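J.: My questions are about this predicted structure, shown below with the sequence.
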Amino acid sequence: MTTTAPAGATAPPHASEAPPEPRRRRSLTGGGALFVLPFLVFFGLFLVWPVVQGLWMSLTDASLTLHDPEFVGLANYAEAFGDPDVWSSLGNTVVFTLISCVPLVVMALVMALLVHSGLVGQWVWRLAYFAPYLLPVTVVTLIWTWLYQPDIGFGNQLLTSLGLDPVGWLSDESVAMWSVAALTVWWTVGFNFLLYLSALQSLPVTFDEAAALDGAGAWRRLWSVTLPQLRHTTVLVAMLQVLASLKVFDQIYILTKGGPNGSTRPILEYVYDVGFTGYRLGYASAVSYVFFALVIVVSVVQLRFFRQEG
Amino acid sequence: MSAVSTPVRRPRRPRREESGSPLLLGHGRLPRVLAGTALTVLAVVWLLPFLWAVATSLQSEQDVMKSGLSPFKGAFTLAAYRQIIDRGNVPTWAFNSVLIAALVTVLTVAVSTLAAYGFSRGTFRGKRALLAVTVAAIMVPPQLLIVPLFEQMTTFHLVDTYAAVILPQVVAPMMVFILKRFFDGIPRELEDAARIDGASELRVFRSIVLPLSRPIVSAVSIFVFIGAWNNFMWPFVVTNDPDLMTLPVGLATVKDAYGIQYAGSMASALLSAAPLIVMFLLFQRRIVNSVATTGLGGG
């Protein structure tokens, strides 16, 4: 943090008889394990244990009703790979990730650049763009169910007043996923916006000033000075966003229940359906582990990709 | 996650945020006008759903059902709000939301700062492996845990208790990771001086490391609080008793029970959103700055 560290923080002279222990040794009593202990208890009980438990369940025919699950080996996994619903819901998840991530990164960047450009009324813009992120998912879906309402909702009222045909926002199979993505962009872009904005605020102005003195115009400076300096932030925002989009569940479950005709059902909703409504916990666990494997693959690929870029 | 770690923290100019970078737009008039227009259009689009919801909540159900693009189709009334408050559950749910979010925040921040300090300064066996597992846990989708966690809560007879809602939310590997990175950046010399003076480790942590970390701790607190306030899935699964529900969960049940009542839905939606919006209005500069101090935003 600040640079108030005492100049000669080495051992004081009178302690010089002591063997010259390396400084790390004087670190924490008990190696500091006690500090980590409370976290480890929570972590073990409520994360590691359920993960292991779920993995075990995926190898059994556990269900919500039947009480003595039997070991079935990899049967659930074999079934998952042949299950067309797994593939279609995985497909929906990928489509959602593609159509939500690009606007969620690009719009956040545009908003941050605009707000940062020095026009008055910063707090109004910040509030406008970030406020939706503060809403609980139920509130967001309530508001958008209303906007998407077929007869008297804002969306169709607007279209008909412009002389256009009303759209089945949530009932048309080819439109519903876009409606969900639009809601998601509105709801969550504020977080990425804030990450970009604070990155912009911590950039040194010196490069910008130097480029301006050399006669570089505004666009030139944006492309050649500002955007390159935001690279690390973009990498971070994009990676977090892809992971978040892959995990989409809440808003879709409340808004469309995966419909119409399964066209918006993401893989995690399929897991929920199979587990809690179909009572097949073992199979649901297997499907969720297939998904988890996908998440890990995507993370590794992203890391590789961005490391090469960097 | 190594591509994520930012190398050097640059010194930050205080108070520059309000001015922004005037250089970005150059000196011409046109770019200013264009940027201002774009900002305004985007802000209107972003605020429109709110305004629509507010207008809807201030009318009677019958008026709402009339068609027409104007948000106001009838007389102004607070009937929807009165009805919700009379129904009685909303204050209970608001209380639960505040209590649960506050407890989750306090516990998570306590547990996570201690752990982050241990990971940053500790020398115990298996530290690297534990840290690796913690970082890897960031990728676990929370939905993966719901079924086993529910079984666990059933075994412990905790279903329909505050404990069941709160305890699993205290695990926040991402926050531990962010805090650890911040602690790593604090020079050890400060602590060593205190250690030589005979301060205990807990004391060093409390009176040297924590005060230096106030920005990061408030950032983490804010994000944990927003997360807990808005958490839907887990409280939804683990509570059936309406007296234990949080606002988001309670509202979802109201919507199902009463069918579609638009004025009522919008009023309850706005009521439950209000506390966080007010919080943001009060603390927004701190929130924006705190994102920067997490190192998430820094270049």
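T.: Yep, that arrived.

J.: any idea how far the residue in the stretch 101-250 of chain B positioned nearest to chain A is from residue B:116?
T.: For the stretch 101-250 of chain B, the residue closest to chain A is residue B:122, as judged by C-beta to the nearest C-beta, at 2.6 Å. Backbone N, C-alpha and C define where each C-beta goes, glycine included. Applying C-beta to C-beta, to the nearest Å, the value for residue B:122 to residue B:116 is 10 Å.

J.: who's more crowded, the two?
T.: Remark: of residue B:122 and residue B:116, residue B:116 carries more neighbours, 28 against 22, as counted by other C-beta atoms under 10 Å in any protein chain shown.

J.: neighbours around the closest residue to the more buried one other than its chain neighbours, how many?
T.: Leaving aside its sequence neighbours, residue B:116 sits nearest to residue B:179 (C-beta to C-beta, 6 or more residues apart in numbering or on different chains; 3.5 Å). Counted by other C-beta under 10 Å, the residues lying close to residue B:179 total 26.

J.: same thing with residue A:273?
T.: Counted by other C-beta under 10 Å, the residues lying close to residue A:273 total 19.

J.: Equivalent analysis for residue B:152, please.
T.: 18.

J.: doesn't residue A:37 make contact with the residue of the stretch 101-250 of chain B closest to chain A?
T.: No. Contact criterion C-beta atoms under 8 Å: residue B:122 and residue A:37 do not qualify, at 10.8 Å.

J.: and residue A:93, what element?
T.: In the assignment (DSSP states H and E), residue A:93 maps to helix A:84-116.

J.: Could I get the buried residue list for that helix?
T.: A:86, A:89-90, A:92-97, A:99-101, A:103-105, A:107-116 (16 or more other C-beta atoms under 10 Å in any protein chain shown).

J.: re the thing from before, please name the nearest non-neighbouring residue to the residue of the stretch 101-250 of chain B closest to chain A.
T.: residue A:32 (2.6 Å).

J.: ok, that neighbour to residue B:74 distance?
T.: 65 Å.

J.: in the chain, which residue is closest to the centre?
T.: By default, I'm working from chain A. The residue lying closest to the centre of chain A (C-alpha atoms, centre = their mean) is residue A:244, at 2.2 Å.

J.: Let me rephrase: I mean chain B.
T.: For chain B, by C-alpha atoms, centre = their mean, the most central residue is residue B:226; offset 1.9 Å.

J.: which helices and strands sit right next to the helix or strand harbouring it?
T.: Applying DSSP H and E as the criterion places residue B:226 in helix B:214-230. Helix B:214-230 is packed against helix B:89-121, helix B:173-184, helix B:262-293, with contacts defined by 3 or more C-beta pairs under 8 Å, 6 or more residues apart in numbering or on different chains; DSSP states H and E.

J.: With mean pLDDT as new columns, can those be given to me in a markdown table?
T.: Compiled in a markdown table, these are given as follows (pLDDT from 0 to 100):
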| stretch | mean pLDDT |
| --- | --- |
| helix B:89-121 | 92 |
| helix B:173-184 | 88 |
| helix B:262-293 | 77 |
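
J.: circling back: is it true that the residue nearest to residue B:116 touches residue B:111?
T.: No. Taking C-beta under 8 Å as the definition, residue B:179 is not a contact partner of residue B:111, at 10.7 Å.

J.: And what about residue B:159, helix, strand or coil?
T.: coil (DSSP: H, G, I helix; E, B strand; the rest coil).

J.: The closest residue in space to it that isn't next to it in sequence: how many residues sit nearby?
T.: Leaving aside its chain neighbours, residue B:159 sits nearest to residue B:153 (5.1 Å; criterion: C-beta to C-beta, 6+ apart). Neighbour count for residue B:153, taken as other C-beta under 10 Å: 22.

J.: Kindly report the same for residue B:278.
T.: 11.

J.: Residue A:81 too?
T.: 12.

J.: Ok, residue A:259 next?
T.: 15.

J.: hmm, back to that, quick one, which of residue A:32 and residue B:74 is more surrounded?
T.: Between residue A:32 and residue B:74, counting by other C-beta under 10 Å, residue A:32 is the more crowded of the two (23 against 14).

J.: The more buried one reaches residue B:114, doesn't it?
T.: No. Counting by C-beta under 8 Å, residue A:32 stays clear of residue B:114, with 9.7 Å between them.

J.: for the stretch 1-150 of chain B, what spans make up the helices?
T.: Taking DSSP state H, counting those that start in this stretch to define them, one finds helices in the stretch 1-150 of chain B at B:30-57, B:61-65, B:79-87, B:89-121, B:127-136, B:143-155.

J.: Could you count how many residues lie near residue B:265?
T.: Residue B:265 has 26 nearby residues by other C-beta under 10 Å.
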